[in-house]
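Chemist: Got a sequence here, can you build the structure:
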Amino acid sequence: MFRRRRNDEFDDELDNDDELLEEEPAEPSPPARPQGPWDVDDAPEDDLARLDLGSLRVPLRDGLELRIDVDPQTQGAISVTLATPSSVLQIMAFAAPRSAGIWDEVRTEIAGSLSGSGGSAKEVDGPFGVELEALVPTDQPGQQAPARFVGVDGPRWFLRGMVQGRAAVERDADQDLLTAFGQVVVVRGGDAMAVRDGLPIVLPKEALEQAAAEAEKQDISLPERGPEITETR
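Modeler: Reported below is the predicted structural model:
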């Protein structure tokens, strides 16, 4: 629900085909992010270990599994998922205009999309501002799954998180997931991009080599969900 390439049933319903390249003049930046996520130009020197994925630098925290999600058609990396035994947080970064943030608009579109497909969503206050509490239709007819959508506007980028599992229902559960979301560093880069295009994720060389070796050994294509990297410190 939010990008041109598909990864799951939630990401393909928000249409962005009519968006134009960013050509507007510089205007006031989106609101400050005193608690993160951070832009590479204002990231704190906190000595926190982060995995460099090109446009995203994702914190490596004890107890969190980090997975790179891959488009099954293009085999390109499109999102990052952090997981605990009971919850998951999917993180995606997108290009945004110079002039203003897009979370208000995207939030309305997500809610409308869910309502039109048999789900529901309501706005609530969260640690990063206004977020959505949602019920998302599943593959099983008539069934829904709880989810939370959080969003943060940065300078020429937008970061979206989708929480599923226990933490989507119990706000005190798996707080490490949202703490990690606030510690993400976004590297927008200077290339012109269409608004809402996903920022490129670059897999570490070691993960690419491991995935390719496994695929060759088993004589199969690379796995749809991509190589998994588990933090075990």
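
Chemist: any weak-confidence spans in the chain?
Modeler: Under the criterion pLDDT under 70, the flagged ranges of the chain are 1-34, 206-233.

Chemist: all helices of it, in order?
Modeler: If you assign secondary structure with DSSP state H, the helices in the chain sit at 103-116, 175-182, 205-218.

Chemist: Check which residues of the second one are buried.
Modeler: Residues of helix 175-182 classed as buried by neighbour count (16 or more other C-beta atoms under 10 Å): 176, 177, 178, 180, 181, 182. C-betas here are computed from N, CA, C, even on glycine.

Chemist: cool, and stretch 92-103?
Modeler: Applying a neighbour-count criterion of 16+ other C-beta under 10 Å, the buried positions in stretch 92-103 are 92, 93, 94, 95, 96, 97, 98, 100, 101, 102, 103.

Chemist: So the last one is in contact with residue 157, correct?
Modeler: No. Under the criterion of C-beta atoms under 8 Å, residue 103 makes no contact with residue 157, lying 11.2 Å away.

Chemist: Roughly how far does residue 40 sit from residue 130?
Modeler: In this structure, residue 40 and residue 130 are 25 Å apart, going by C-beta to C-beta, to the nearest Å.

Chemist: and if you look at residue 188?
Modeler: From residue 188 over to residue 130 the distance is 23 Å, taken as C-beta to C-beta.

Chemist: what about those two, which has more around it?
Modeler: Set side by side, residue 188 and residue 130 give different neighbour counts by other C-beta atoms under 10 Å, the larger being at residue 188 (18 against 13).

Chemist: so who does that one touch?
Modeler: When contacts are counted by C-beta atoms under 8 Å, 6 or more residues apart in numbering, residue 188 is found next to 39, 40, 55, 95, 154, 155, 156, 157, 199.
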